[in-house]
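Chemist: Return a 3D structure for these sequence lines:
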Amino acid sequence: MIAGAALAVWRTPGAKLRSAILHFAAGVIFSVVAVELLPDIVAHHAPYEVALGFGLGVAAMLGLRYLTQRLEKQAEAGPEPAAPLAGTGPLPAATTARPLPWGLLVAIGIDILIDGLLLGIGFAAGAKEGTLLAIALTIELLSLGLATAVELRQDGHGKGRAVAIVAGTSLMLLVGAGIGTTVLRGATGNLLEIVLSFGLAALLFLVTEELLTEAHEETETPLLTLSFFVGFLLFLLLGMVA
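Modeler: All right, here's what the predicted structure looks like:
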């Protein structure tokens, strides 16, 4: 995520490149879901636990979507700038520094926290699943770092400040992963099945409602579509030989 922010402030990537990264990340995460998580869930034959976990995952992601949209709207509205006192002229530059877009940052922080929890769920399923999911989420966070830094730069923040803000926000991944691995340590049987089903729903939501939705903001081309299938095939083969 920090690398993505550094790239954005050094040389902002074009819309097509960012769309290609989003397509590729979606294909990678979808491959991990289909090849690693889904077979493990089906093999345990626990339909009630799967229904409960999947339902909780969908509800949690819809709730997160509602919350983050409200926070982003509040951030876009922002407070009205204070008018200068009569006879004092415009405020000096030092007092008009742009405030942090807390609504946007909180929304992004929650998103990253969920990614960390999903990473913990992946390692609860097994070392191989966790490792592949870590690589997949790394690609997603690269794109998120790019987008966040671009937003901060457009909001008037300096290059170093934008990268520092992204770096601080990215720590939420460690918090989420720490919570996930601590809570899920030693989880077995029905509890693990519920947790894996929750993660399955959350990852599918991430692919269909976040990554691909943003990717399709750019005019679709065969090469952009191809990047999704390249990501899927690459991790399908990696899962087979790893």
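Chemist: what about the helices in this protein?
Modeler: Using DSSP state H, the helices assigned to the chain run over residues 2-10, 15-32, 38-43, 47-77, 102-125, 127-154, 159-184, 189-205, 212-215, 222-241.
Chemist: Any chance of the ones you listed in JSON lines with mean neighbour count and mean pLDDT as columns?
Modeler: (Each C-beta comes from the backbone N, C-alpha and C, glycine too.) As requested, those are exported to JSON lines (neighbours: other Cβ atoms under 10 Å; pLDDT from 0 to 100):
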{"stretch": "helix 2-10", "mean neighbour count": "19", "mean pLDDT": "90"}
{"stretch": "helix 15-32", "mean neighbour count": "23", "mean pLDDT": "88"}
{"stretch": "helix 38-43", "mean neighbour count": "13", "mean pLDDT": "86"}
{"stretch": "helix 47-77", "mean neighbour count": "15", "mean pLDDT": "85"}
{"stretch": "helix 102-125", "mean neighbour count": "22", "mean pLDDT": "82"}
{"stretch": "helix 127-154", "mean neighbour count": "21", "mean pLDDT": "86"}
{"stretch": "helix 159-184", "mean neighbour count": "18", "mean pLDDT": "88"}
{"stretch": "helix 189-205", "mean neighbour count": "21", "mean pLDDT": "86"}
{"stretch": "helix 212-215", "mean neighbour count": "17", "mean pLDDT": "88"}
{"stretch": "helix 222-241", "mean neighbour count": "15", "mean pLDDT": "89"}
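Chemist: which ones are touching Ala15?
Modeler: By Cβ atoms under 8 Å, 6 or more residues apart in numbering, the contact set of Ala15 is Glu217, Glu218.
Chemist: Let's see that with 10 Å instead.
Modeler: Listed by Cβ atoms under 10 Å, 6 or more residues apart in numbering, the contact set of Ala15 reads Glu217, Glu218, Thr219.
Chemist: among these, who's most crowded?
Modeler: Within those, neighbour counts (other Cβ atoms under 10 Å) peak at Glu218, which reaches 17 neighbours.
Chemist: Do you know the pLDDT at that residue?
Modeler: pLDDT recorded at Glu218 is 85.
Chemist: ok, for it, nearest residue in space, not its chain neighbours?
Modeler: Ser19 (3.9 Å; Cβ to Cβ, 6 or more residues apart in numbering).
Chemist: distance of Ala59 from Ala201?
Modeler: 9 Å (Cβ to Cβ, to the nearest Å).
Chemist: Verify the stated contact: the residue nearest to Glu218 with Leu226.
Modeler: No: look at Ser19 against Leu226 with Cβ atoms under 10 Å: they stay out of range, at 11.9 Å.
Chemist: Of the contacts of Ala15, just say which sits nearest to His23.
Modeler: Nearest to His23 among the contacts of Ala15: Glu218, at 9.6 Å, using Cβ to Cβ.
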